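[1] structural data only, the sequence is not supplied:
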């Protein structure tokens, strides 16, 4: 057996020995410890509620009163309930949870396909015409610049003697 296996076996034996020691070799409870355990399990009534182990003296139980909600606490409770109602009102459930078969069975968009494509084509042609009008001054300027450059090159060629 390897050293790791031996260590595992020794650890297992130690754990089992510790568990047996806790169960069988535990010291006996004293009388005061038993009395304390009985007091903790003693039932006391406060109002309509049963409470265990809180009141050890019988005279204290006679004067005990059930706790009532304070005014500040009531105001906060009302405020929280109003907030919850507002949140529920403003945050409706998911749309998919509310859909019915009638909502998705007939698709009304398919009925107006011709109208939609007509609107898109009309807007496209209008945009092309506007772009053509806006590009006309640029094209004219480019054409004029080319003709001036050509004529200046011709004059320069004559002056230099290339022609």
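    Structure received. Just so it is clear, the model here is predicted, and its values are computed rather than measured.

[2] please report how far residue 101 lies from residue 92.
    20 Å (CB to CB, to the nearest Å). From N, CA and C alone the C-beta is placed, and that goes for glycine too.

[3] helix, strand or coil for residue 67?
    coil (DSSP: H, G, I helix; E, B strand; the rest coil).

[4] try residue 162
    Residue 162 - assigned by three-state DSSP - is coil.

[5] what about stretch 116-124, average pLDDT?
    Stretch 116-124 comes out with an average pLDDT of 91.

[6] I'd like the numbering to begin with 44 instead of 1 from here.
    Done: numbering now begins at 44, and the last item shifts to stretch 159-167.

[7] wait, a helix at residue 135?
    No. Counting by three-state DSSP, residue 135 is located in no helix; its state is coil.

[8] neighbouring strands of the helix or strand containing residue 87 in the sheet, and parallel or not?
    Using DSSP states H and E, residue 87 sits within strand 86-89. If you go by DSSP bridges, strand 86-89 pairs up with strand 92-95 (antiparallel).

[9] can you count the residues close to residue 94?
    Using other CB atoms under 10 Å, residue 94 has 14 neighbouring residues.

[10] how near is the nearest residue to it once chain neighbours are set aside to residue 201?
    Distances taken as CB to CB, 6 or more residues apart in numbering put residue 87 closest to residue 94, at 5.0 Å, once the chain neighbours are dropped. Remark: distance between residue 87 and residue 201 (CB to CB) = 124 Å.

[11] having no further points to raise, I will conclude here.
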